[in-house]
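> with the sequence up front, the predicted model follows.
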Amino acid sequence: MDRLIEAIEAKQNPSVVGLDPTEALVPAQIVASFAEEISEQVEDPAEAPAMQLSVAFFEFNRAIIDAVADIVPAVKPQIAMYEALGPAGIDAYTMTCEYAKQKGLYVLGDVKRGDIGSTAAAYAHHLSGVGLDDTAYDPWHEDAVTVNPYLGTDGITPFIDAATANDKDIFVLVRTSNPSSSELQELELASGERVYEHVADLVEGWGAETIGKNGYSHVGAVVGATHPEEGKALRARMPHTFFLVPGYGAQGGTAQGVAGMFDRDGMGALVNSSRGIIGAWKKSDKYSESMSADDALDLVAESAREAAKDMRDNLRAVLP
Ligand SMILES: O=C(O)c1cc(=O)[nH]c(=O)n1[C@@H]1O[C@H](COP(=O)(O)O)[C@@H](O)[C@H]1O
């Protein structure tokens, strides 16, 4: 986490832009502008729509990354949005990660993996590189990934080993932002504690051997912005665990609500907003369906930058 913390300090901004493109979030003229080029390239016309959207996703992301790279420390591409388009979408995902990394951003791959140990070891190649010698080739370009703890320690250990060996990080789901999260996470155990509290203790323990110079381990936790009180209690309970805090903006999380999830120095958490930033152009009265693809891309970039600045300023206002 030391690299992430340094990036946050350099930008004085504990927020991350979520790159979760969907067809509805990319202006139609940008997608349409690739129709001819793609139709000439494909062997099977059935492939064209997914390829066209994938290329549009990458151009959309590139415009947003260019617009925010000097003000945010990190981006969080959500792999589901790209997987939905098949292999071309995966290409757009890895190209997005690579581009963001070239721009000096910390790349948090939201892949939410978790499985038995042997399978987790294969998933952990997201952090260690792929191929026969495990190291030479890193097509993912991620600095961290999100991980699901439901399978317990043996499903997590391969990720921790890969993260520590390569100076990367993982963020483990502890208290998720979604409405149904209480169905499992809030269940009370015989000890009187909640399931998510028990997971929190496991996560703090999993990171204990990997604490860096800033006091945080390579094993972070995901704590939703929609749970301000629980997040504050978790901050005290998990002193060496850095938080990824999604749920700001589109899901109702606010700067005031997440303030308690930071430590006394105003560090210890990275707040995510995806739709609130990449979809900010939709709220602009400058948008018109008749504008060109280039103008639409400029508006996407300008709106994302303004939204990212607003988020940064709102967070700064509640931090010490
Ligand atoms: O791991 C995550 O990032 C995550 C965990 C969680 O509890 N809630 C949550 O919303 N997320 C992700 O954070 C992003 C939130 O997107 P917006 O609601 O558009 O800001 C999505 O990529 C979610 O998959």
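Yep, it's here. Residues are numbered from 1 along each chain as shown.
> what about Gly18, helix or strand, and which?
strand 15-19 (DSSP states H and E).
> restrict that strand to CA atoms and write it as PDB.
This file holds the C-alpha atoms of strand 15-19, laid out as PDB (Å, rounded to 0.1, in the frame of the first residue of the first chain):
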ATOM      1  CA  SER A  15     -10.300   9.000  -4.400                       C
ATOM      2  CA  VAL A  16     -10.300   6.500  -7.300                       C
ATOM      3  CA  VAL A  17     -12.200   6.800 -10.600                       C
ATOM      4  CA  GLY A  18     -14.100   3.600 -11.400                       C
ATOM      5  CA  LEU A  19     -13.900   2.700 -15.000                       C
END
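> quick one: list the elements packing against it.
Secondary-structure packing of strand 15-19 (3 or more Cβ pairs under 8 Å, 6 or more residues apart in numbering; DSSP states H and E): helix 48-68, strand 74-77, strand 269-273, helix 275-278, helix 293-318. Glycine gets a C-beta too; all of them are placed from N, C-alpha and C.
> first to last residue in stretch 213-230, what's the distance?
Start to finish, the residues bounding stretch 213-230 are 27 Å apart (Cα to Cα, to the nearest Å).
> got the buried residues for it?
Counting neighbours by 16 or more other Cβ atoms under 10 Å, one finds that the buried residues in stretch 213-230 are 214-228, 230.
> please enumerate the helices of the stretch 1-150 of the chain.
2-11, 28-32, 35-41, 48-68, 79-83, 87-102, 117-123, 125-128 (DSSP state H, counting those that start in this stretch).
> between those, which one is nearest to the ligand?
helix 79-83 (7.1 Å; Cβ to the nearest ligand atom).
> residues contacting Thr153?
Leu202, Trp206 (Cβ atoms under 8 Å, 6 or more residues apart in numbering).
> tell me the pLDDT of it.
As predicted, Thr153 sits at a pLDDT of 98.
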